[in-house]
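# pasting the sequence and the predicted coordinates here, then a few questions.
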Amino acid sequence: MNATRQALVLDFGGVVTRTLFETHAESERALGLPPGTLTWRGPFDPASDPLWREMQADRISEREYWEARTREVGRLVGEDWTAMQTFVQRVRGDDLGPLIRPEAVAAIAAARAAGCALALLSNELDLFYGAGVRTRLPLLGGFDVIVDGSHTGFIKPDRRIYALCVERLGLPAAACVFVDDQARNVDGARSAGLRALHFDVRRPRESYDAALHMLGPSAARSAR
C-alpha cells in the first residue's frame, strides 16, 4: 500500500456531468416538449421543487426522487416510464461528450499530472446510463478504479462502498479526496475516513479548484 500517493475520487452525475436540471432545454427538444415544460430546478431553485426539498430533508432517497421524475416526464410524452435509464437515454442519447463538465476534464488532467490516482464512485452509473456507458464515454477509461452502486448491493452513504473504493485503490482513506454534490454522501465519506468536499453544481470551477487544493500543492499547480 502506498501511503503517500493521493487519490481524487469523484461522483459522476452532477460532478463529472452537468445535471439534468441544467439541461432542461435540451431535454425538452429531445422529447418534443414545449420550452418551459420542465420547471423543477433542484439545487438551482429549491423553491420550484418541493420534491427536491423532500430529498434534501432525507424524507425520500435520491433514487426515489429520480424515479418520481422519470414517471412524471414519461407521462408528459404519453409513455409509462419506470426505469431512470429510459429517461436518461431518451434525453441524452448515446453521445455523452457534450454533457461532461469542462471543469471536470481539466481537474482530472491536473490530478493525473500531479501523480494522483483517479476513482469514480457512483451510486447509479450503469443503472441510469446503461451498461455500455463505459465504452461510449472515453473519459471513463482514464480512471484507475470505478465503483458503481448499480452492482455492489449498497450505495452511498453506506460506509461499505467507500471502503470498497479505498480497498481497490490500495490507498489509505485519508489519502483520498472525495467529491460529491449530495451532502449526505459527503458526510458518509468523512465518516469512513476520507477527506471530502461538497460539490456546488452552481460553481463547478470553484469546487474543482478546492478539491485540487485539498490534494496538495502539486495538484493545485497542475490546474493553472
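Alright, I've got the coordinates. What you are looking at is a predicted structure, and each value in this text was computed from that prediction instead of being measured.
# for the rest of this, base every contact and every neighbour count on C-alpha atoms.
OK.
# what does the longest helix along the chain contact?
In the chain, with assignment by DSSP state H, the single longest helix is helix 62-76. Identification of contacts with helix 62-76 by Cα atoms under 8 Å, 6 or more residues apart in numbering yields 51-52, 55, 80-84, 86-87.
# distance between that helix and the chain's centre?
In this view, helix 62-76 has its centroid 18 Å away from the chain centroid, taken as Cα atoms, centre = their mean, to the nearest Å.
# give me the buried stretch members for that helix, please.
65-67, 69-74 (16 or more other Cα atoms under 10 Å).
# kindly report the same for stretch 30-39.
L38.
# list buried residues within the contacts of helix 62-76.
Among the contacts of helix 62-76, those buried by neighbour count (16+ other Cα under 10 Å) are 51-52, 55, 81, 84, 86-87.
# nearest to G188, of those residues?
For those, the minimum distance to G188 (Cα to Cα) is 16.1 Å, reached by M55.
# how close does the most far-flung residue of the chain relative to its centre sit to L197?
Most distant from the centre of the chain: G78, at 29.0 Å, with distances by Cα atoms, centre = their mean. Using Cα to Cα, to the nearest Å, G78 is found at 40 Å from L197.
# with A104 instead?
Noted for A104: a distance of 14 Å to L197, by Cα to Cα.
# who has more neighbours, these two?
L197 (24 against 20; other Cα atoms under 10 Å).
# can you get me a residue count around G149?
Neighbour tally, G149, other Cα under 10 Å: 18.
# next up, the contacts around it.
With contact set as Cα under 8 Å, 6+ apart, G149 has these partners: 121-125, 155-156, 161.
# L197 now?
Per Cα under 8 Å, 6+ apart, neighbours of L197: 177-180, 186, 207, 210-211.
# surely L197 forms part of a helix?
No: using DSSP: H, G, I helix; E, B strand; the rest coil, the assignment for L197 is strand, not a helix.
# and the pLDDT for it?
Among the per-residue scores, L197 shows a pLDDT of 98.
# identify the bridge partners of the nearest residue to R190 once chain neighbours are set aside.
In space, not counting the residues next to it along the chain, R190 is nearest to A196; the distance is 6.1 Å by Cα to Cα, 6 or more residues apart in numbering. When bridges are called by DSSP bridges, A196 pairs up with F178.
# ok, A196 - contacts?
177-180, 186-187, 189-190.
# for this structure, what spans make up the helices?
24-31, 50-56, 62-76, 84-92, 102-113, 125-129, 133-136, 149-152, 159-169, 183-191, 204-215, 217-222.
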